[in-house]
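Undergrad: The following block contains a protein sequence and its predicted model.
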Amino acid sequence: MMRTHTCGELRASDAGAQAVVCGWVETVRDHGGVLFVDVRDHTGMVQVVAHPEEAPDAFAVAEKARAEYVLRVHGEVRPRPDGTVNPDLPTGEVEIGVAGIEILARSEPLPFQLDESVVTDEGLRLRYRPLDLRRPRLQHTLRLRARVTAAARAALEAEGFVEVETPTLIRSTPEGARDFVVPSRLSPGEWYALPQSPQLYKQLLMVAGVDRYFQFARCWRDEDLRADRQPEFTQLDLEASFAEEEDVLTWVEAAVAAAFAAAGRGWEIELPLPRMAWQEAIDAYGSDKPDLRAGPAIVDISRVFAATEFNAFASTLEAGGAVRAWRLPRGGDRTRSQLDALVERAQELGAKGLVWMVVEEDGSLRSPVVKFLTEAEQDGIKTALEAEPGDLVLLAADLARLASHVLGQLRVELAAPRGHGADSGVAALWVVDFPLFEEGGDGGPAPAHHPFTHPNVEDLDRLESDPLSVRSRSYDLVANGLELGSGSVRIHTADVQERVFRILGLSEEDIHSRFGFLLDAFRYGVPPHAGFAVGWDRLVMILADEASIREVIAFPKTQTGADPLSGAPAALDAGQLGEVGVMLTPETTVRLTELEERRGRPHG
RNA sequence: GGUCCUGUAGAACAGCCUGGAGUGUUCGCCGCCCUGUCAAGGCGGAGGUCGCGGGUUCAAAUCCCGUCAGGACCGCCA
């Protein structure tokens, strides 16, 4: 038996027991005579004491111990002497009196300290990720992730969902994000793509009669990275037959609520989640993923200025724009230069300008523009925003959508809790009634979600005449300003699907080459179906209270898509390229040669 | 493709604005001392391509240009 106990489990009640523990050396405190070693595993830490008189051989071994050596220690669990109990440690009432120590593995001095108090460079952390992962915070996150995943899986299985794996080497369907591609050796010159989501396959599973499908699916998108975006990521993907919006929302709520409960943060969410129409989100939060934690909503106060003499507002309103405002509670203590910086930021975001107002103790407004406003207008602002003394009010006069966008962005930047330790709880909601189409790059309609999203039945008669006004039967799950997932009721009738394809301007040939195998399958009895996908990394990110998705992925990639640990991506040798019939362009060869020179090692 | 921040000893930083000898702090590492610490303590020591390349200058960690790497963001992400 390698061990009888884990390091973190020993308590006063274990006193008197013989214990064998294994773990890494956290610290060694050598007093010349008595010597303490803190031994750590994923459960915690226990103090081991070595006395030269009690066990001279073990003491000699203990003296050699250094940070991160791997030890196996045996001895008696005993209460610590009076006055030496450590209340900061769960095991702090006891210690192990050493009878014997084995050094199972030595460790070189670490490239960085595991101490949580210093923030290590991310490149270095990823280069030595196994060490980084030894830190309690990351150990905790890995286990949190496993726990919430298991809970969500159980919740869906309880509803009769069946876990099915779908392929990762699939045909490229040139829509949406850029595909990662994989060359084929058996068919040189032909390529697989890695799925951006299992979308088509899960719909095929509905045709197959699986009825309720789910999968924790790895997905790949070859796009630039962000704090909440990795090129490979995990979705909790689900699809159900004979199901509509309410069914899907209920199941997703159950899975997500189970996950939140399993996280054990006391952040259980109240069901059902609130719902907000897409248009309201855009108007009142300037975003289709509103962060409900970031203070009050944006208010349209155009009516207050219907007859204003303040030129900037009057001309905007005349031109069909709007005046919108947002209030930052207790934000009025900002300095003039901080307020000027806000104006600059607003202009960066595309606003013509930004008006700030501070509500003084006597209720009056302090602002560079207040002299242009009537008493009634000033009162109108305060009333509409429910402004209190000490508040900061920001006004933007612009095209309505731009005004909301700018104020919404400032709202998040000024008032949203951010990052590890914010412990801000969770504010989740559904955003519904998305438009079916948005304006595409070529000016024509493009799918806002994907081309199989069912139009809102009430809007069907406007599909051809006014496509951009048609709402869809899709829904987004939003939490803390992050898009946590999206889904829709799918089109399952050929005539609606054809009308949508026609509006998207897809030719028969396009349709056949991109989605032919799905539509073929639909010819043989497709049940009405609907589904959803939850961005699982992001969900864990919220539960772990982390500001970066990299913190919840065991082996993430840097912003340039590199893995400093393995050195991926890396050049292939000519033989491997030849097997798949791939030849590098001259420019690419030059790039690799330069890389090789810089790194001073061969690339093949 | 673009904007911004960062890069100085094994780690985290200060120094840079306002050029003047690789100067400093904390941690780690090595040696010695130390019998109840828990971020142990005391004394001593080693450790540097100031990311890289170029330019300006009598003189560059410091100013300028380029480049690489890490990060934040815009574009992109049906």
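TA: The structure has been received and is ready for your questions.
Undergrad: Pretty sure residue A:554 sits against residue A:142.
TA: Yes - taking C-beta atoms under 8 Å as the definition, residue A:554 is a contact partner of residue A:142 at 6.4 Å. Just so you know, the C-beta spots here come from the backbone N, C-alpha and C atoms, and that holds for glycine as well.
Undergrad: Show me the common contact partners of these two, please.
TA: residue A:133 (C-beta atoms under 8 Å, 6 or more residues apart in numbering).
Undergrad: Quick check on those two: which one has the bigger neighbour count.
TA: A count of neighbours by other C-beta atoms under 10 Å puts residue A:142 above the other of residue A:554 and residue A:142, at 16 against 12.
Undergrad: how near is that one to residue A:552?
TA: Counting by C-beta to C-beta, to the nearest Å, the separation of residue A:142 from residue A:552 is 8 Å.
Undergrad: what about residue A:533, which helix or strand?
TA: Per DSSP states H and E, residue A:533 falls inside strand A:529-535.
Undergrad: Can you give me every residue that contacts the closest residue in space to residue A:556 that isn't next to it in sequence?
TA: Nearest non-adjacent residue to residue A:556, counting by C-beta to C-beta, 6 or more residues apart in numbering: residue A:550, 4.0 Å away. Listed by C-beta under 8 Å, 6+ apart, the contact set of residue A:550 reads A:122, A:126, A:230, A:556.
Undergrad: Number of residues surrounding residue A:521?
TA: 16.
Undergrad: is it true that it lies in a helix?
TA: Yes - counting by DSSP: H, G, I helix; E, B strand; the rest coil, residue A:521 is part of a helix.
Undergrad: just checking, it touches residue A:206?
TA: No - using C-beta under 8 Å, residue A:521 makes no contact with residue A:206, being 9.3 Å away.
Undergrad: what about dumping the CA coordinates of stretch A:401-412 to PDB?
TA: Extracted C-alpha coordinates of stretch A:401-412, given in PDB (Å, rounded to 0.1, in the frame of the first residue of the first chain):
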ATOM      1  CA  ARG A 401     -28.400  51.800 -31.700                       C
ATOM      2  CA  LEU A 402     -25.000  53.500 -31.600                       C
ATOM      3  CA  ALA A 403     -26.000  55.500 -28.500                       C
ATOM      4  CA  SER A 404     -27.000  52.400 -26.700                       C
ATOM      5  CA  HIS A 405     -23.900  50.500 -27.900                       C
ATOM      6  CA  VAL A 406     -21.500  53.200 -26.600                       C
ATOM      7  CA  LEU A 407     -23.300  53.600 -23.300                       C
ATOM      8  CA  GLY A 408     -23.600  49.800 -23.000                       C
ATOM      9  CA  GLN A 409     -19.900  49.400 -23.500                       C
ATOM     10  CA  LEU A 410     -19.100  52.100 -20.900                       C
ATOM     11  CA  ARG A 411     -21.600  50.500 -18.500                       C
ATOM     12  CA  VAL A 412     -19.800  47.200 -18.600                       C
END
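Undergrad: Need phi/psi at residue A:24.
TA: phi -100, psi 150 (degrees, to the nearest 10).
Undergrad: go on, residue A:213?
TA: phi -120, psi 140.
Undergrad: I figured it hits residue A:251, correct?
TA: No - if you go by C-beta under 8 Å, residue A:213 and residue A:251 don't touch, sitting 11.5 Å apart.
Undergrad: who's more crowded, these two?
TA: Shown here are residue A:213 and residue A:251; by other C-beta under 10 Å, residue A:213 has more neighbours (26 against 23).
Undergrad: The more buried one bridge partners, please.
TA: Beta-bridge pairing for residue A:213 (DSSP bridges): residue A:162, residue A:239.
Undergrad: what's the pLDDT at it?
TA: pLDDT recorded at residue A:213 is 98.
Undergrad: Residue A:558 too?
TA: So residue A:558 comes in at 96 (pLDDT).
Undergrad: Residue A:336 too?
TA: Looking at residue A:336, the pLDDT reads 83.
Undergrad: Distance check, it against RNA strand B.
TA: According to C-beta to the nearest atom of the strand, to the nearest Å, residue A:336 stands 21 Å off from RNA strand B.
Undergrad: Residue A:343 versus that residue, what's the distance?
TA: From residue A:336 across to residue A:343, the span is 11 Å (C-beta to C-beta).
Undergrad: what about these two, which has more around it?
TA: When neighbours are counted by other C-beta under 10 Å, residue A:343 comes out ahead of the other of residue A:336 and residue A:343, with 16 against 9.
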